[in-house]
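> could you work out the structure for the sequence below:
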Amino acid sequence: MKKILHIVCYSLLILLTTGCKVKYSLNGATIPLEAKTVSVGYFENNTSLGSPAISQKFTEKLRDVVSTQTNLALMKQNGDLKFEGSIINYNVAPVAIQSNDQAANNRLTITINVKYSNRFDVTKNFEQNFTRFADYKANTTISSQEDVLLSEINRQLTEDIFNRAFNNW
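Modelled structure (predicted):
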């Protein structure tokens with residue numbers, strides 16, 4: 001009787017493990033088991049503002065996030081999972097107006113259009129705009145603050161994009 005029970009349990013275990021589509025997770029990310037590669041295209045700056053380096057900085061930050069938080073091999077193009085897009089908004093505007101109608105702070109806002117493709121599950125594909133901002137003192141110039149602001153905004157944007165692609169947020 002014990003031998004039959006062991007055989008039944010063993011058979012059920014085999015059926016359950018071979019009949020399921022397995023996904024693996026790193027840092028909470030759900031990635032199709034079949035996916036081995038990812039590509040992150042160059043995100044061109046389609047705005048008339050901002051330093052020429054903003055495209056390179058954003059693209060490198062997204063590549064870094066994807067390569068450090070997954071086990072996927074980073075490819076130049078045609079990965080199993082693919083990120084493409086462009087910078088579509090770079091805007092500086094006053095915020096926190098003081099009583100004398102002068103701004104205490106300015107706000108840098110950046111919007112990225114992202115197209116994500118998943119070769120194995122097209123229901124996960126999306127094209128979406130992601131927007132983030134950072135404030136800085138109005139008595140300083142954007143050029144003196146841009147590196148620090150871009151670093152913070154790019155961190156937030158890439159986190160949002162990663163979570164949307166791999167955590168379905």
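> the helix or strand hosting residue 129 pairs with which strands, parallel or anti?
For residue 129, the host element (DSSP states H and E) is strand 126-137. Its sheet considered, strand 126-137 pairs with strand 103-118 (antiparallel) by DSSP bridges.
> so for the partner strand, mean pLDDT?
Averaging pLDDT along strand 103-118 gives 95.
> stretch 76-89 now?
96.
> now do the strands in this protein.
Applying DSSP state E to the chain gives strands spanning 23-26, 29-32, 37-40, 44-45, 73-75, 81-97, 103-118, 126-137.
> which one of the ones you listed is the most hemmed in?
strand 37-40 (a mean of 20; mean count of other C-beta atoms under 10 Å). All C-beta spots, glycine's among them, are computed from the backbone N, C-alpha and C.
> leaving aside the residues adjacent along the chain, what's closest to residue 76?
With sequence-adjacent residues excluded and distances taken as C-beta to C-beta, 6 or more residues apart in numbering, residue 76 is closest to residue 39, at 6.5 Å.
> list the contacts of residue 45.
Residue 45 is in contact with 52, 54-55, 86-87, 90, counting by C-beta atoms under 8 Å, 6 or more residues apart in numbering.
> okay, those residues in CSV with distance to residue 67 next?
CSV is the format used below for these (distance: C-beta to C-beta, whole Å):
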residue, distance to residue 67
52, 24
54, 20
55, 18
86, 21
87, 21
90, 26
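> what is the nearest of those to residue 30?
Among the contacts of residue 45, residue 86 lies closest to residue 30 (C-beta to C-beta), at 26.7 Å.
> from memory that closest one sits against residue 47, does it?
No: in this structure, residue 86 is not within contact of residue 47 by C-beta atoms under 8 Å, at 9.1 Å.
> ok, and what's touching the strand holding residue 129?
88-89, 95-96, 104-116, 142, 145, 148-149, 152-153, 156-157, 160-161, 164-165.
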